[in-house]
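Colleague: model the structure of this input:
(one chain, ligands or ions: 1)
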Amino acid sequence: MIRQEPEPLTQNEHHTDIVIIGGGLAGQIAAIACHRYGLRCIVIEKQRHNKDKVCGEGLMPRGLSILQELGLSQLPSIVSALPFRRIRYHYQGDSVCGTLPDEGGLGVRRNELDRDLTQELARYAIEVLTDEMLGLAESEQHVTVTLKSGRRVCAHWLIGADGLKSRTRSLLNLNAPHKSRAPKRFAIRQHRFLTTKQFSQLSREEVHIFVGDGYELYLTPISGERLGIACLLSEGELLKLNGDAEERLLNLCKKLLPWDVSAMRAASKAKSCGPLRQKARSVQSKRCFLVGDAAGYIDAITGEGMSLAIESSVLAVKSICEAQSKRRTLKKESKTLSPYSKRWKKMFLKHKLLTESTVFIFKHATLKRIFFTALKKNPKLLGLTLKFLKS
Ligand SMILES: Cc1cc2nc3c(=O)[nH]c(=O)nc-3n(C[C@H](O)[C@H](O)[C@H](O)COP(=O)(O)OP(=O)(O)OC[C@H]3O[C@@H](n4cnc5c(N)ncnc54)[C@H](O)[C@@H]3O)c2cc1C
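Modeller: The predicted model follows:
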């Protein structure tokens, strides 16, 4: 429950400038940004080890350039990641391809990136509590969070980086209702080992997207001769399938891919998640900021979630830093847009336009056909769109 005034702190308590809820990608980047800006922080992460994630694992140029700015480009998982230069769509036996701007993106195994970021946090002596946030109280001056262990953390600011089903968002009463007409989509992912022959058949420099009816398959080559297979599917398509996550994924691969995926050795456990669409009424309250998926999510169709998580985390820390230096309390969004809300909206707008329109087009067979015919006639169009996303 959220209360307006927290009780006085007694024992078993921690005090800091910023408490970060969630130590996934967004939370860890926020913690590193805090360190860069000279702010003290504590990260609360409920999972102890190997925080793997249902993800296509294609880090797009925008996210990559922010990681470089943060001095994180030499992390082992980034150095050993497979670069991709192009995105190739396959539809009804035909394909169309767009080149990414700059040096392109990277196929990064998420749990390896997570391990490296955890080590960075340890290197900077950033405190990470393995615990779960259960309660949150916010006042004009500070925020107090209550943890499952009974501990409490008191801070000047809070960053909610607790993912798609963010408890921070719901405790702050910032969940926006789901519009009934907006399609509900779900996801399944698994990794498979490829033989060297298969790997060479499947250009390592491309992320392949196979578009079916009601679902798409995203194939991202990653290091260690592994292929990340992520599927995005409609609720209707999901309901048609039987079995566990792996069986469902194999079933969909069988319909759409030119290889027998079941013959490839599994390189990870199949995992699923959803519904993907989550909306926040606002990304900020008095002293709390939502970042990454916690701030709202539309769909993974354009593969930008990691970049948005990285960018929003840095924006939130920057906004807190500015507010601290001006010694003022940020106003509620309903009255004046705070710098963070404004920056977040600006950042999210391009993504929203592109993601909503792609989801809409892919939902309708005729539009999908027109879309692919147009791309085929104007191959530069896809490259221009990818460039627009990076700008
Ligand atoms: C199928 C699929 C494919 C995708 N493909 C791509 C892609 O190719 N490229 C791309 O850039 N993005 C992709 N994304 C999106 C990307 O995975 C997410 O946007 C990104 O992982 C968001 O990171 P996050 O840190 O916000 O959330 P998360 O990684 O979910 O981290 C949230 C963390 O908070 C912790 N937590 C939750 N609640 C609490 C609590 N109460 N107390 C303490 N800790 C808590 C969780 O344990 C978790 O570690 C894809 C997503 C899906 C579903």
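
Colleague: how much space between Gly107 and the ligand?
Modeller: 9 Å (Cβ to the nearest ligand atom, to the nearest Å). Any C-beta I mention is one placed from the backbone N, CA and C, and that applies to glycine too.

Colleague: I'd say that residue and Ala230 touch.
Modeller: No: Gly107 sits out of contact with Ala230 when judged by Cβ atoms under 8 Å, with a separation of 11.4 Å.

Colleague: common neighbours of these two, please.
Modeller: Both Gly107 and Ala230 are contacted by Glu57, Thr220, under the criterion Cβ atoms under 8 Å, 6 or more residues apart in numbering.

Colleague: could you check how far the helix or strand harbouring Ser272 is from the centre of its chain?
Modeller: In the assignment (DSSP states H and E), Ser272 maps to strand 271-273. How far strand 271-273 lies from its chain's middle: 14 Å, per Cα atoms, centre = their mean, to the nearest Å.

Colleague: what does the stretch 51-200 of the chain put close to the ligand?
Modeller: Within the stretch 51-200 of the chain, the positions adjacent to the ligand are 51, 53-60, 132-133, 161-163, 167, 187, 189 by Cβ under 6 Å from any ligand atom.

Colleague: these in strands, which ones?
Modeller: Residues of these located in strands (DSSP state E): Gly58, Leu59, Met133, Ala187, Arg189.

Colleague: now do the same contact list for the last one.
Modeller: Yep, that's Arg189 we're talking about. Neighbours of Arg189 in contact, by Cβ under 8 Å, 6+ apart: Val54, Cys55, Gly56, Gly228, Ile229, Ala230, Cys231, Leu249, Ala270, Lys271, Ser272.

Colleague: make TSV from those and add pLDDT and neighbour count to it.
Modeller: TSV is the format used below for the contacts of Arg189 (pLDDT from 0 to 100; neighbours: other Cβ atoms under 10 Å):
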residue	pLDDT	neighbour count
Val54	95	21
Cys55	95	25
Gly56	95	25
Gly228	96	24
Ile229	97	27
Ala230	97	24
Cys231	97	28
Leu249	97	27
Ala270	97	19
Lys271	96	17
Ser272	96	18
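
Colleague: ok, those residues vs Leu217, which is closest?
Modeller: Distance ranking of those against Leu217, using Cβ to Cβ, places Cys231 first at 5.3 Å.

Colleague: surely that closest one is in a strand?
Modeller: Yes: applying DSSP: H, G, I helix; E, B strand; the rest coil, one finds Cys231 inside a strand.

Colleague: fine by me, we can end here.
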